[in-house]
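show me how the following folds:
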Amino acid sequence: LLFRREDRRLDRGLLRRTVSYGAVSALHQSSLYIGKLLVQGAVNSMGTPMISAYTATTRIEGFANSFGDSGAQAVSVFTAQNTGAGEERRVREGFRTSFLMMLALGAVMSVLLYAAAPAAIALLAGETSSFTQTNGVAYLRMVGCFYILCFLGNTFVGYFRGRGQVTVPVYGTIIQISARVILSYALIRPMGLSGVALATGLGWVAIVLFHSTVFLLELKGIGFRLPTRDEDSQPG
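Now for the predicted structure:
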């Protein structure tokens, strides 16, 4: 663990890769939250009771999402370590196990969101109008029907990040957010918050389809490919 003089050198290829990954990851996160701001704009157009209901649902959903985000980080670390070690068999086995675990956890969260929706909205929103309560419950129950896809999407995100294919989650997020924003503006007036939830769910359908397609192409040997260290060190 002690640094020596010969250890203190600049690996230009590794530096370029690190900066590239960081820039793409920043784009990924910023596009996600820009999309959420646009969805919030659609909700704000419906008045204060709708804003109150949506605020309560996002707090509840954020708690449920934390498990999916943690799972994605775990998949990413495991995949990266074994990819770097050349353990492709362990990468595949780890992804399969993670996929099944996240599938089960997503199913549990779906059931909890649907069953606990009235109590959760009452707890966070307090004494509210029936409009706020009805729309909040409708949102959670609708979005709960798609929560398995949210967790599967997180599994794919963790896998692709661990493989160094950081652009794949960016493309998937752009697809998901675009569908979510467009459909939210189209559905919120006729359906209320359940329309926003449906838009969110359909966005998850789109991102899981995209990630699944890229993953299957990779299995067939025609997907994205990580550059080797030798390629990183080549000029130009």
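
quick one: contacts for the closest residue to Val77 other than its chain neighbours?
In space, and not counting its chain neighbours, Val77 is closest to Gly162: 6.9 Å by CB to CB, 6 or more residues apart in numbering. No exception for glycine: its C-beta is placed from N, CA and C like everyone else's. Neighbour list for Gly162: 75-81, 83, 91 [criterion: CB atoms under 8 Å, 6 or more residues apart in numbering].

model confidence score at Thr18, please.
pLDDT, Thr18: 80.

spatially central residue in this protein, please.
Closest residue to the average C-alpha location of the chain: Asn154 at 4.8 Å, with CA atoms, centre = their mean.

distance check, that residue against Phe215.
Counting by CB to CB, to the nearest Å, the gap between Asn154 and Phe215 amounts to 14 Å.

on that earlier part again, is it possible to get a markdown table of the contacts of Gly162 that adds neighbour count, pLDDT and secondary structure?
Below are the contacts of Gly162 laid out as a markdown table (neighbours: other CB atoms under 10 Å; pLDDT from 0 to 100; DSSP: H, G, I helix; E, B strand; the rest coil):
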| residue | neighbour count | pLDDT | secondary structure |
| --- | --- | --- | --- |
| Val75 | 26 | 94 | helix |
| Ser76 | 19 | 92 | helix |
| Val77 | 13 | 93 | helix |
| Phe78 | 19 | 95 | helix |
| Thr79 | 23 | 94 | helix |
| Ala80 | 17 | 92 | helix |
| Gln81 | 14 | 93 | helix |
| Thr83 | 17 | 92 | helix |
| Val91 | 20 | 92 | helix |
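
now these in CSV, with distance to Lys220?
CSV is the format used below for those (distance: CB to CB, whole Å):
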residue, distance to Lys220
Val75, 21
Ser76, 23
Val77, 26
Phe78, 23
Thr79, 19
Ala80, 23
Gln81, 25
Thr83, 18
Val91, 16
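
which among those gets closest to Leu209?
Val75 (19.0 Å; CB to CB).

look up how far Val108 lies from the closest one.
Looking at Val75 against Val108, where the rule is CB to CB, the gap reads 18 Å.

cool, Leu100 as well?
13 Å.

ok, these two, which is more surrounded?
Between Leu100 and Val108, counting by other CB atoms under 10 Å, Val108 is the more crowded of the two (14 against 11).

just the element for that one, please.
Using DSSP states H and E, Val108 maps to helix 88-125.

the helix or strand following that helix packs against which elements?
Using DSSP H and E, the next helix or strand after helix 88-125 towards the C-terminus is helix 130-144. Under the contact criterion of 3 or more CB pairs under 8 Å, 6 or more residues apart in numbering; DSSP states H and E, helix 130-144 touches helix 48-84, helix 88-125, helix 193-219.

take the ones you listed and lay them out in a markdown table including distance to Thr18.
Shown next, in a markdown table, are the helices and strands packed on helix 130-144 (distance: least, CB to CB, whole Å):
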| stretch | distance to Thr18 |
| --- | --- |
| helix 48-84 | 13 |
| helix 88-125 | 21 |
| helix 193-219 | 23 |
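
which of those sits closest to Val19?
helix 48-84 (17.0 Å).

hang on, Leu152 packs against Leu105?
No: contact criterion CB atoms under 8 Å: Leu152 and Leu105 do not qualify, at 10.3 Å.
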